[in-house]
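> what shape does this take:
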Amino acid sequence: MAERLPRVLFLCTGNSCRSQMAEGWARHLLADHVDAVSAGTDPHGLNPLAVRAMAEAGVDISSHTSKTIDACDPESLDLVVTVCGHANENCPVFPGRARVVHQGFDDPPKLAADARSEAEALPHYERVRDEIRAFIETLPNLLRSNTP
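Numbering: from 1, shown residues only. Sure, this is the predicted structure:
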């Protein structure tokens, strides 16, 4: 019988951009190491520029949906990673064994608020996408260091 993979939740406010990118990278890079999901404290839909930035890097998140924490079976979680300050400050208490860590990333929609075009906005998404990838690559070490 196969060993259960650690279940990791990436939590943000809207579950529209950063947490979706993190879930996408974790599924793409660490599919044999983690069971990745994402959610929002106040989900409000998938950001199309996040989808586009991830597609440029070869990761398809277009089928992802914006969801609540309850949709991710909170009792099954091993690790919760808050990826924005608001989610970190408003993170609920998780039942069971879940540990919560914060790894904040800049908010691409906020960074791109003054952009006059998608082409002008996209570099903000690409930078944050790449920063999230670098963090996801460290996730196996983080999981090992959090083992009881």
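> in terms of helices and strands, where is residue 49?
helix 48-56 (DSSP states H and E).
> cool, residue 9 as well?
In this structure, residue 9 sits in strand 7-12 according to DSSP H and E.
> just checking, what packs against that strand?
Counting by 3 or more Cβ pairs under 8 Å, 6 or more residues apart in numbering; DSSP states H and E, the packing neighbours recorded for strand 7-12 are helix 18-29, strand 35-40, strand 79-82. (Glycine included, C-beta is placed from N, CA and C.)
> any chance of these in JSON lines, with distance to residue 143, mean pLDDT and mean neighbour count too?
Output for the helices and strands packed on strand 7-12, formatted as JSON lines (distance: least, Cβ to Cβ, whole Å; pLDDT from 0 to 100; neighbours: other Cβ atoms under 10 Å):
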{"stretch": "helix 18-29", "distance to residue 143": "11", "mean pLDDT": "98", "mean neighbour count": "26"}
{"stretch": "strand 35-40", "distance to residue 143": "11", "mean pLDDT": "96", "mean neighbour count": "24"}
{"stretch": "strand 79-82", "distance to residue 143": "6", "mean pLDDT": "95", "mean neighbour count": "24"}
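> can I get those in JSON lines with distance to residue 68?
Formatted as JSON lines, the helices and strands packed on strand 7-12 follow (distance: least, Cβ to Cβ, whole Å):
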{"stretch": "helix 18-29", "distance to residue 68": "12"}
{"stretch": "strand 35-40", "distance to residue 68": "6"}
{"stretch": "strand 79-82", "distance to residue 68": "14"}
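> next, count neighbours for residue 17.
31 (other Cβ atoms under 10 Å).
> residues in contact with it?
Shown in contact with residue 17 (Cβ atoms under 8 Å, 6 or more residues apart in numbering): 47, 49, 50, 107, 108, 109, 125, 128.
> pull the contacting residues for the fourth one.
Taking Cβ under 8 Å, 6+ apart as the contact definition, residue 107 lies against 17, 18, 84, 128.
> ok so residue 100 is a strand residue?
Yes. Under DSSP: H, G, I helix; E, B strand; the rest coil, residue 100 sits within a strand.
> can you list the residues that contact stretch 110-128?
Applying Cβ under 8 Å, 6+ apart, the external contacts of stretch 110-128 come out as 17, 18, 21, 49, 50, 52, 53, 56, 105, 106, 107, 108.
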